[in-house]
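Visitor: Would you be able to build a 3D model of this:
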Amino acid sequence: MADGALKKVDPESPEFKETLEKTVTFTDKVLKQFGFVYHPDAEVVQSVQFGLTRNKLIYDKRFCPCFFVTGNKEEDRICPCKPALEKEIPEEGKCHCGIFCTPEFAQAQKMEEALEAAVHQHSRGLSKEECELLLSKEQFDSSELEALLEARSLGMVSFQLVDVREWMEYKSVRIKGVDHLVPTTSFYESIKALSDKQTPVIVYCHVGSRSAYCQNILKDLGYAHVGNLTHGIVSYQGEMERG
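Guide: Just a heads-up that it's a prediction; the model follows:
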């Protein structure tokens with residue numbers, strides 16, 4: 001085996017380009033053989049194909065570019081590696097490097113990317129399916145919570161928005177659309193107002209730390225899904241109420 005640390009690979013060289021073409025043919029065959037698809041992000045696919053090509057030129061084998069090549073046959077991963085085929089792709093939907101995915105993972109990834117663009121660029125309204133996908137997250141930013149509150153007002157999703165700050169903070173300013181005040185100082189008593197454990201809950205506080213703590217408690221108490229406004233009300237750009 002050649003010493004990879006000493007060999008420089010020029011991606012513009014004819015040798016690299018020729019080997020890259022063979023690598024692309026190889027990864028295409030892997031897709032067909034196992035019923036996989038490429039990751040929807042073309043940059044991920046190209047990066048891994050470049051890495052496989054580099055390793056082929058240096059080591060004469062397409063070792064996985066995400067791991068060190070140690071020379072130990074039991075440890076070194078040759079693409080498509082056994083852990084990817086037996087564990088990563090069946091359980092996570094993609095291999096460690098990300099180039100090979102199940103069709104279901106790739107479709108979900110496309111939906112998440114389209115959803116993120118729609119929410120943060122305010123490019124269009126969300127579909128009911130997209131709203132439900134957004135609500136399934138555990139951490140939200142201001143734009144995401146605003147989108148969900150709008151979707152709830154249109155009857156597209158259902159959730160409970162819970163303020164876990166203290167009464168004085170709540171009276172001073174709060175997010176418009178909040179359903180319950182559950183102060184952390186009387187949390188276990190006030191939580192009785194949230195009798196429906198199946199409807200998703202989103203919690204918020206001042207900067208996100210108290211609500212993250214309450215989020216974990218609610219999960220332990222058996223609430224089906226609990227999300228958190230990551231940076232709290234100080235980050236929220238939507239409508240507020242006072243008094």
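Visitor: Now do the buried residues in the lowest-mean-pLDDT helix or strand in the chain.
Guide: Among the helical and strand segments of the chain, the one scoring lowest on mean pLDDT, DSSP states H and E is helix 103-121, with a mean of 83. Neighbour-count burial for helix 103-121 flags Phe105, Ala106, Gln109, Ala114, Leu115, Ala118, Val119 (criterion: 16 or more other C-beta atoms under 10 Å). From N, CA and C alone the C-beta is placed, and that goes for glycine too.
Visitor: Any chance of a markdown table for those, columns distance to Glu189?
Guide: Below are the buried residues of helix 103-121 laid out as a markdown table (distance: C-beta to C-beta, whole Å):
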| residue | distance to Glu189 |
| --- | --- |
| Phe105 | 43 |
| Ala106 | 47 |
| Gln109 | 43 |
| Ala114 | 43 |
| Leu115 | 37 |
| Ala118 | 40 |
| Val119 | 35 |
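Visitor: domain parsing for this structure?
Guide: Using automatic domain parsing, the domains assigned to the chain come out as 14-101, 126-241.
Visitor: now the strands: where do they sit in the chain?
Guide: For the chain, applying DSSP state E gives strands covering 37-38, 100-101, 139-140, 160-163, 174-175, 180-181, 201-204, 226-229, 240-241.
Visitor: list the helices and strands the fourth one packs on?
Guide: In this structure, strand 160-163 packs against strand 174-175, strand 180-181, strand 201-204, with contacts taken as 3 or more C-beta pairs under 8 Å, 6 or more residues apart in numbering; DSSP states H and E.
Visitor: Kindly report the same for the first one.
Guide: Using 3+ C-beta pairs under 8 Å, 6+ apart as the contact criterion, the secondary-structure elements in contact with strand 37-38 are helix 14-34, strand 100-101, helix 103-121.
Visitor: Can I get stretch 41-55 as CSV, trimmed to CA atoms?
Guide: Provided in CSV are the C-alpha atoms of stretch 41-55 (Å, rounded to 0.1, in the frame of the first residue of the first chain):
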residue,chain,number,x,y,z
ASP,A,41,-27.6,17.5,-2.0
ALA,A,42,-25.3,17.3,-5.1
GLU,A,43,-22.4,18.7,-3.1
VAL,A,44,-22.5,15.8,-0.7
VAL,A,45,-22.4,13.3,-3.5
GLN,A,46,-19.6,15.0,-5.4
SER,A,47,-17.5,15.4,-2.2
VAL,A,48,-17.7,11.7,-1.4
GLN,A,49,-17.1,10.7,-5.0
PHE,A,50,-13.9,12.9,-5.0
GLY,A,51,-12.8,11.3,-1.8
LEU,A,52,-13.3,7.8,-3.1
THR,A,53,-11.4,8.7,-6.2
ARG,A,54,-8.5,10.1,-4.2
ASN,A,55,-8.3,7.0,-2.1
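Visitor: Centre of the chain to that stretch, how far?
Guide: 21 Å (C-alpha atoms, centre = their mean, to the nearest Å).
Visitor: got the buried residues for it?
Guide: In stretch 41-55, counting by 16+ other C-beta under 10 Å, buried: Val44, Val45, Ser47, Val48, Gln49, Phe50, Gly51, Leu52, Thr53, Arg54, Asn55.
Visitor: Just put these in a markdown table and tack on pLDDT and distance to Ser142.
Guide: Output for the buried residues of stretch 41-55, formatted as a markdown table (pLDDT from 0 to 100; distance: C-beta to C-beta, whole Å):
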| residue | pLDDT | distance to Ser142 |
| --- | --- | --- |
| Val44 | 92 | 28 |
| Val45 | 95 | 33 |
| Ser47 | 93 | 32 |
| Val48 | 95 | 34 |
| Gln49 | 96 | 38 |
| Phe50 | 94 | 37 |
| Gly51 | 94 | 37 |
| Leu52 | 96 | 41 |
| Thr53 | 95 | 43 |
| Arg54 | 92 | 42 |
| Asn55 | 93 | 43 |
